[in-house]
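Structure, please.
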Amino acid sequence: MLNMNDAYIEDLYFEFMRDPESVDAQWRTYFETSGYTPDGREPAQMSGQSRVESEPAQKPEPAPQRVQEQAQTAAQKPSPAPSPAQPTTSTQQTAPAPEPETPVKNTITPGPNDEVKRLAGLPEKIATNMEASLEVPTATSFRTLPVKALEENRAIINHFELKRGNRKLSFTHIIAWAMVRALKKFPSLNDTYGYIDGKPHRVIRKNINFGLAVDVQKKDGSRTLLVPSIKNAQDLTFEQFVGEYNNIINKARNNKLTVDDLTGTTVSLTNPGGIGTVASMPRLMSGQGLIIATGAISHPSEFKAVDPQMMKDMAVSKVMQVTSTYDHRIIQGAESGEFLRYMEQLLLGEGNFYDQIYAAYNIPFEAIKWDVDQVHYGIFHHDEREVVEKESRVLQLINAYRVRGHLYANINPLGLDNYYYPELELKYYNFTLWDLDRTFNTGGLGGVKRATLRDIIIRLWDTYCGKIGLEFMHIQEPNKKSWIRTKFEGEYATKEYEPANKLRVYKKLVQAEIFETFLHTKFLGQKRFSLEGGEALIPLLDQIIDKASSVGVEEINMGMAHRGRLNVLVNILKKSSRKIFAEFKGLKDEESVHGSGDVKYHLGESGVVQSKESGKDVRLVLASNPSHLEAVDPVVEGMTRARQHIVGDKTCDKVMPILIHGDSAFAGQGVVSETLNLANLPGYRTGGTIHIIVNNQIGFTTAPQDARSTVYCTDVAKMLQ
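Next comes the predicted model:
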């Protein structure tokens, strides 16, 4: 059985013959044990498929080879001598002239200026394969698919993936997955035809081994086409399928394909559209029942001269030609047509096709689906009322994100919370995918007056649904709301951090992690209140101290419970780690009759650190907390108020409090709300407090849904707006 990979395997064989160490160990084992020779042995034997043949047993050798051998035999055989019973006379008839030789197939006569190059090795093998494919009786179905939904959903997925630092999805990733889904619905197209004991059979395959046509450039600059396959694609999730897809492409590009990768393909996809080809009818090789080809993605040719903006108004989608070439001995045209129709339905968004992909990539929005354009005012005549109505719906959408966008923010490291808010979806405002390219008034979003709906929604996602959840529209003072909105929708939505700052954050994270790892390794089994899972607290405090110093803060009073206290002492207040380790070793505290125990988690510390941003010294004080959890909150506020009085800080600009909480304690302990309630009273105010909540999601040994009645543990702070 010949296939597209024969030429590649033969080339590897000759490399093996020259230098066995030059090929992969799996290929060496195969060539040494299988008895492979490049003389027409079926590659299917490599994967144990030699029982199924694509032609009858004892098939005669190809006509060109037989004719050539006959011609050579005739040329070498001497002419027969005359028979003695027939005397030779002048009147005897001469023997009849031999019949003319049958010309070899495709024999040509080169012109005087033509250059002739013998096909040998890989080119000859490819030519042989192509001639062998002519023996498969095929038919081809064509279908033109609109790709607007495919384009928009891929763009959304890639927007989120790039922001996460991941690799983009290609069109082919999604099209290939649609093929797998369609093959699961129409499994007969995964079958093949062959001979067993000289009898024709249909081989019903249970596994979809999905072949991908890959154009590979060799070391000498020549190119060859390989078709490695993803095994058992029917059992993979989309995310797993993409991983296998990328892996097999990388192996092909780096010459790392194995025997298993190149055998057993049941169906394949080729994509000549990547180089602009609109449609193609690829050759179907023996051993497969189906090959799909996708053409270039472009607008229909009749719209080539139409203004792009007019095409957006007219709702003209780009299209893609898909061809299904199948073995007509076992697959009929109706089956192929149904298969392509179902592929189109999937790529238009039916069957939750894109929703499942969104779920795989943790994208908390509804996927874009194909829909009929809702514009009724025509292209050249605009109904002002309809235009105004659409503009107002865009402003409603923007306001909804400002109020509820935090519900979709990706702030839970353990996964997305299952929130669904319909007012954050385009369909709630009767927008369709055709509106994404149209321009609307933004009301000043991000400092831009007008933008396409696509740009508006992306700006809203980046601002309110990223790694920061922002809830501020309940604030009653317009100037505060305006300041927050302007900052976050403008500079912070697109803010890029300097490499030096990123490195500093990274170093602080490493310091926090190393400290916890060392304690866990060195003092295994001892009572610990570690910061594990909350290491980001250390770079956060480091940044806050720097920023506070740059705006004139000279002293910072901090309060916190036990968890993470030692890490803060060492990496923020610069307490000697030697003292910390000595306490873990159980060295006696002169003031304690029981030794150190967990007293080390009660101790406070003070010190002076230099801000790297301003170069100024900042005095830090971490208050002792011998009691439980939040008892220290009012203590720190009182310390801060006293220091402000002592240094004459009447505007509360020089001394600042920071309180560090656990999530369940902040929501559950009454002392928190009591302390918050004093915030704006003239006799107690300190000018504001920075509250940091370390959410390890196991407070009180309960899950969040069992620890509070609110969405966030911070909701109790809304009393202060």
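
And the next helix or strand past the host helix or strand of Y506?
Using DSSP states H and E, Y506 sits within helix 499-522. Using DSSP H and E, the helix or strand that follows helix 499-522 in sequence is helix 537-550.

Packing partners of that next one?
Applying 3 or more C-beta pairs under 8 Å, 6 or more residues apart in numbering; DSSP states H and E, we find helix 537-550 packed against helix 499-522, helix 565-571, strand 617-622, strand 655-662, strand 690-694. (Glycine included, C-beta is placed from N, CA and C.)

Tell me where the model's unsure across the stretch 51-200 of the chain.
51-106, 120-126, 129, 132-133 (pLDDT under 70).

Helices of that one, residue ranges please.
63-76, 122-133, 148-163, 171-185 (DSSP state H, counting those that start in this stretch).

Can you check what angle separates the last one from helix 148-163?
By that I understand helix 171-185. Here helix 171-185 runs at 120 degrees with respect to helix 148-163, directions being taken by axes from the mean of the first three to the mean of the last three C-alpha atoms, to 10 degrees.

hmm, who's touching helix 171-185?
Helix 171-185 has contacts (C-beta atoms under 8 Å, 6 or more residues apart in numbering) with 147, 150, 153-154, 189-190, 208, 210, 212, 233-234, 236, 238, 241-242, 245, 267, 269, 271, 292, 294, 297, 339, 342-343, 346-347, 351, 353, 357.

List buried residues within these.
Neighbour counting by 16 or more other C-beta atoms under 10 Å classes 147, 150, 153-154, 189-190, 208, 210, 212, 233-234, 236, 238, 241-242, 245, 267, 269, 271, 292, 294, 297, 339, 342-343, 346-347, 353, 357 among the contacts of helix 171-185 as buried.

about what we covered before: in the helix holding Y506, what's buried?
Neighbour count says helix 499-522 has R504, V505, K508, Q511, A512, F515, E516, L519 buried, by 16+ other C-beta under 10 Å.

can I get these in JSON lines with distance to A367 and pLDDT?
Putting those into JSON lines (distance: C-beta to C-beta, whole Å; pLDDT from 0 to 100) gives the following:
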{"residue": "R504", "distance to A367": "39", "pLDDT": "93"}
{"residue": "V505", "distance to A367": "34", "pLDDT": "94"}
{"residue": "K508", "distance to A367": "39", "pLDDT": "94"}
{"residue": "Q511", "distance to A367": "42", "pLDDT": "93"}
{"residue": "A512", "distance to A367": "39", "pLDDT": "92"}
{"residue": "F515", "distance to A367": "44", "pLDDT": "89"}
{"residue": "E516", "distance to A367": "40", "pLDDT": "87"}
{"residue": "L519", "distance to A367": "46", "pLDDT": "84"}
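
tell me which of these is nearest to I458?
V505 (25.9 Å; C-beta to C-beta).

burial count for the nearest residue to that closest one once chain neighbours are set aside?
Excluding its sequence neighbours, the residue lying closest to V505 (C-beta to C-beta, 6 or more residues apart in numbering) is P539, at 4.4 Å. Counted with other C-beta atoms under 10 Å, residues neighbouring P539 total 20.

Could you pull up the contacting residues of P539?
Going by C-beta under 8 Å, 6+ apart, the list of residues near P539 reads R504, V505, K508, L509, A512.

at 10 Å instead, please
N501, R504, V505, Y506, K507, K508, L509, V510, Q511, A512, N571 (C-beta atoms under 10 Å, 6 or more residues apart in numbering).

Next, find the distance separating the first one from V568.
Just to be clear, that refers to N501. N501 sits 21 Å away from V568, going by C-beta to C-beta, to the nearest Å.

quick one: the helices in the stretch 301-450 of the chain?
308-314, 333-347, 353-360, 384-404.

quick revisit: need the max-distance pair from the buried residues of helix 499-522.
By the measure C-beta to C-beta, the buried residues of helix 499-522 have their two most distant members at R504 and L519, which lie 23.5 Å apart.

returning to that earlier point: and the helices and strands packed on helix 537-550: which comes nearest V316?
So among these, helix 499-522 is nearest, using C-beta to C-beta, at 43.9 Å.

which residues sit against the closest one?
496-498, 526, 528, 530-543, 546, 564, 566-572, 577, 580-581, 584-585, 612-613.
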